[in-house]
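Q: I'll drop the sequence and a predicted model, then ask my questions.
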Amino acid sequence: MSFKTKVSSIVVLVAVSLMQVFGAGQQEAAQMSADPAELSGKITVWSFTDEVGGMIEHFNKKYPNIEVEFVVIPNQDEVYLNKLVTTLRSRDNVPDVFTGEAAFFKQFVEAGFWEPISDAPYNAEELVGDLVPYVTDLTRDGNGKMTALSWQATPGAMFYRRSIAKEVLGTDDPGEVSKWTSNIDTYYELGEKIKEKYSGDKFLVSGYTDMSQFIFNQRAEPYVIDNILTVPESLVGYMQLAKDMRDNGVEGGVGTWSPAWFSAMADKSVFSFILPTWGLHYVLKPNAEPEANNGEMEFTGDWGLTVPPAPYSWGGTFAGISRFSEKKDLAWAFVKHIGSDPEFMKFWAEKTGDFVGNLKVVEEIKGDFSDPFLGGQNHYEYFYNEAKKIDVSRIGPWDFQIENAWGDQVELYANGEKTMDEAIDGFIVAIADILPDVNVILEGR
Amino acid sequence: MIYKRSRVESILLYTLLIILAVLAIIPFYMMVINSTHTNVEISKSLWLTPGTAIIDNYKIIQGKVNIWRGFMSSAIIAVPSVILSAFFSALTAYGFAKFNFKGKEAFFWVILATMMVPQQLGLIGYYDLCVQLGLIDSFLPLILPTAANAAMVFFVRAYIQSSIPDSLIEAAIIDGAGEFYIFIRIIFPLALPSIGTMSIFTFINKWNDLITPMVLLNSAKKFPMPVVVSNIRGLYETNFGAIYLGVTISVIPILLVVVFFSRSIISGLTVGAVKG
Amino acid sequence: MAGRNFTFFKKRGNKGYLFILPFFLVMISFQLYPILYTLKLSTTSPVNLFENKFVGIENYERLLTNEVFLKSIFNTWFIWLMNFIPQIVFALLLAVILYEWQIRGKDAFRTVFFLPNLVTAASIGVLFAVLLDWQHGSLNHILMALKFIIEPINWLSKVSIARGAVAFIQWWQWFGYTTIIVMAGLSSISGELYEAAFIDGASKTQAFFRVTLPLLRPIILYVVITSLIGGLQIFDIPRVLTNGRGAPDNAITTMVLYLYNQAFKNFNVGYASSVAYTLFFMILFFSILSFKLLSGKKQRGGSEL
């Protein structure tokens, strides 16, 4: 080749490469900030409840050309987890978006199932300012990158029957009631008063397991640090408290989520239920007053919201882009929409009454909430304040298993089947199966 | 036979049978009754008489899932499975029962061994295999493996050994019949009571299988009955009335199959194949 | 088959290979891979949900000293024996009664006995869990109404009751099935044999023990081995009754429930696979044992076993 040709070919080569690098970058950036109507294609979304199904219509208003195939796989018998893990490990037939629940989604984050979204082209960090801080913190992976978003925040509360409060305390005002319920010792005292007043026919709480939500949150550190599992004081205290409540008839002997637990909401035999944001609308209302919930009657307003002995967060569903999705841009559009879009959040809050994860939206609408079920009380305001208090630095991927193992032993101790030492030994044996390389010690011992 | 029972013996006998029958039916009965009550009624007390909520429960089901499509899918999976397993199991059972070849024992134990590995984990490897064969989200991987039905082979082999004498086969061979002909015309019909009996179980197994279709299928419209019924349960609520109704609907075809096949098996059993 | 010239197949016995061939083809294609895959998994330990690392026989070493696993072995055997022994006794009795004696409505009885087998273990478990519930279960309601007890009893928190309940439910679900199987076996026994026995002066009981039982041997063997294989893998009932916890205190944690929890609740598929293989060898060993004990003599009317 002549010198000139050589030079020109090199120039061409360089030019082409540059175009590829910059052109592609431009294309990507263009796509991310494209007119929503231009994004088109089909994505599959998997979840373990049909909640997300109700969001698709709103999503399609903004993104009319993205078709969403939504599949519900309940996590009954861990099937959802099973299916998800097998699918992702095979890297084949993966959904584009899938959700995870608070109990197990940390495992997803650790395994890298969700695409990190902090950086370009998703730039999720830009959204953080508007969102409830603990929610985004929870989704950070080992590198500190966010991996998912959620449409909700789930701080916890306690709901109580006003009629029982009036009869036992002489008042049903939430402020007054909270003086009794916000401390564990006075809460127990209240339980004894209730038992006395009704001769054992009514109970403070339907089962002591209801309390585990805030008890498990009463700790400052993660359970496992450097292969040592430290059992916090509060958990040991819980064991004794459960037994006392069981022995003294302060609790009704019912397990959370059992059929009897649901019916106890309706039959006025229980004073308080410990439930978070979604508990109000998805659990308490439909089961305590089903006809009113369906619009067939008025709510009696016999319920109120008060402060539990300790703040807590319970549950929460997170949605992320699947790591092996081939349509990450479309998937991101969906996740971003349901996880942060203010219009969507407002729509969702009004539609379901759920406490949404966008703080700006919450601040805007919180004043407007007055729930007839709660006798006109504004639950949103309460949750708004609680949401900011939640610290999730202590949450780890095995919390669910550890807490269940402890709960098993508590049941045995409360039933009188084991002594405290035997129960603790039982816990250590159980942990050996969950975290084989970890040693267990008790706080302060 | 040629034996008369005394009155007392009769009464004792029938009492025993009736007690067992009631015992067998009660949970069933309760389930069906529960499907006619609302969720609240069920959690409050035990019901022995039907309620009026059956239409409401049905509406709840239809509002959440399409139970009839689940029905279709279950049929698509179960029926071919039964046919495949009946034919191939009989074939294999005959091979083990009436032929002597080297390593027969060993081969048979291999078949038995496949039943001994807990299925819960096999699914993970099976999924992997299906991915490689490109069979995810298809009915095929749910149907084809039934051709290798170890329990059925075991049972039909035992039956053939007990009830079909070698002399019958030898006679047919002397008459010049081909092996396959012997199988189709003589063995299969004679072994029918055992094949029919086991086929019912195959059907039930396939119809009630929850985990395998759930993991291998991705499209909601292909989900069979058990998957559909489990979807009736929401995350935050368990409407037992609706669930029991779903289970009841799911059981009806099995019930029909049992009753229907029972009759043909009875005739097989009473005719009795054996000539001494 | 036609047209093959191999002298191999001239020997009739060898045609057996052809008959069993399709089964093995399907088995090798579909069932072998998962089984070997599980074996491979048993030598791994998870790093996280997505990847595993190789650890050799570490999992096996661990399970040999694991308290819960060893307990589960006992539980499984205990429950199986409590379920199986009554089951085979009832099945033999009922089969003879329904098949050989004049009973009115025998078909109806047989169908009814079989009903429990039709529903999934999960649904039945839910029903029984509700029945036995401590505060609101019907059993307690009835007992209190009849004044047998004053306070409701927490049935499922008592170890022996929990185990008994599982064994009972298993029995209940399967006794009809076993009866039908035995009946199918009875149908293969020629009536002439009985007539010959009675002519020789045998009583009914003698006929049962000398004619029926021996000829039922292959069927009984089938029942024992399949029940062993199935029973040692019992899983659904204990899981549904206790929500997977195996309560109280792992009293009804069976081997497969233990394995399942390790795999899907504690996300350790590798360890669970090692449990599965240990269970496999246990089942294999006891099946071969049963086989040796129960078979042996040649019988009339059938080929060499």
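A: The structure has been received and is ready for your questions.

Q: going forward, measure contacts and count neighbours with C-alpha atoms only.
A: Noted.

Q: So what does residue 101 look like in phi/psi?
A: No chain in the question, so chain A it is. Backbone dihedrals for residue A:101, given as degrees, to the nearest 10, come out at phi -100, psi 160.

Q: To clarify, I was referring to chain B.
A: Dihedral angles (degrees, to the nearest 10) for residue B:101: phi -140, psi 160.

Q: For it, which residues are in contact?
A: With contact taken as CA atoms under 8 Å, 6 or more residues apart in numbering or on different chains, residue B:101 is in contact with C:13-14, C:16-17.

Q: same thing but at 10 Å, please
A: B:95, C:11-17 (CA atoms under 10 Å, 6 or more residues apart in numbering or on different chains).

Q: Quick check on those residues: which are buried?
A: Neighbour-count burial within the contacts of residue B:101 applies to B:95, C:13-17; the criterion is 16 or more other CA atoms under 10 Å in any protein chain shown.

Q: Give me the domain ranges for the chain.
A: You didn't pick a chain, so chain A it is. A:36-153+A:315-368, A:156-312+A:372-442 (automatic domain parsing).

Q: To clarify, I was referring to chain C.
A: What automatic domain parsing lists as the domains of chain C is C:1-34, C:42-121+C:167-294.

Q: and the residue of the stretch 101-250 of chain C nearest chain B?
A: Ranking the residues of the stretch 101-250 of chain C by distance to chain B (CA to the nearest CA) places residue C:188 first, at 4.7 Å.

Q: Give me the secondary structure label for that residue.
A: Assigned with DSSP: H, G, I helix; E, B strand; the rest coil, residue C:188 falls in the coil class.

Q: ok, back up a step: now render the domains of chain A as TSV, adding distance to chain B.
A: Output for those, formatted as TSV (distance: least, CA to the nearest CA, whole Å):
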stretch	distance to chain B
domain A:36-153+A:315-368	5
domain A:156-312+A:372-442	6
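
Q: Do a quick rundown of the helices in the stretch 151-300 of chain A.
A: Secondary structure of the stretch 151-300 of chain A (DSSP state H, counting those that start in this stretch): helices located at A:162-169, A:174-181, A:184-197, A:212-215, A:233-247, A:259-266, A:277-278, A:285-288, A:290-293.

Q: Make a markdown table from the ones you listed and add mean neighbour count, distance to chain C and mean pLDDT to it.
A: A markdown table is the format used below for the helices of the stretch 151-300 of chain A (neighbours: other CA atoms under 10 Å in any protein chain shown; distance: least, CA to the nearest CA, whole Å; pLDDT from 0 to 100):
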| stretch | mean neighbour count | distance to chain C | mean pLDDT |
| --- | --- | --- | --- |
| helix A:162-169 | 19 | 22 | 92 |
| helix A:174-181 | 19 | 26 | 91 |
| helix A:184-197 | 18 | 17 | 92 |
| helix A:212-215 | 20 | 17 | 90 |
| helix A:233-247 | 18 | 13 | 92 |
| helix A:259-266 | 21 | 7 | 84 |
| helix A:277-278 | 24 | 23 | 90 |
| helix A:285-288 | 20 | 17 | 86 |
| helix A:290-293 | 16 | 21 | 82 |
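
Q: and of those, who's closest to residue C:58?
A: Across the helices of the stretch 151-300 of chain A, residue C:58 has its closest neighbour in helix A:233-247 (32.4 Å, CA to CA).

Q: Need the residue closest to the centroid of chain A.
A: Per CA atoms, centre = their mean, the C-alpha nearest to the average position across chain A is that of residue A:316, at 1.7 Å.

Q: Need the per-residue pLDDT for the residue nearest to that residue when sequence neighbours are not counted.
A: If you skip the residues right next to it in sequence, residue A:316 has residue A:102 as its closest partner in space, 5.4 Å away by CA to CA, 6 or more residues apart in numbering or on different chains. Per-residue confidence for residue A:102 comes out at a pLDDT of 88.

Q: same question, residue B:276
A: For residue B:276, the model assigns a pLDDT of 29.

Q: what's the pLDDT at the one residue in the stretch 301-445 of chain A that gets nearest to chain C?
A: As assessed by CA to the nearest CA, chain C sits closest to residue A:434 within the stretch 301-445 of chain A, at 5.5 Å. In this model, residue A:434 is scored at 90, pLDDT.

Q: Could you do residue C:302 as well?
A: Predicted confidence (pLDDT) for residue C:302: 38.

Q: Give me the buried positions along the strand or helix carrying residue C:271.
A: With elements delineated by DSSP states H and E, residue C:271 resides in helix C:269-294, which encompasses its position. Of the residues in helix C:269-294, those scored as buried under the neighbour-count criterion (16+ other CA under 10 Å) are C:269-280, C:283-284, C:287, C:291.

Q: tally of neighbours for the residue of the stretch 301-445 of chain A closest to chain C?
A: Neighbourhood size, residue A:434 [other CA atoms under 10 Å in any protein chain shown]: 20.

Q: what does the one 3 residues further on give?
A: Counted with other CA under 10 Å, the neighbours of residue A:437 add up to 11.

Q: For it, grab phi and psi.
A: Residue A:437 has phi and psi values of phi -100, psi 10 when expressed as degrees, to the nearest 10.

Q: Can you name the residues that contact residue 210?
A: Since you didn't name a chain, this refers to chain A. Residues touching residue A:210, when contacts are defined by CA under 10 Å, 6+ apart, comprise A:251, A:254-257, A:261, A:272-275.

Q: you looked at the wrong chain, it should be chain C
A: C:194, C:197, C:202, C:204.
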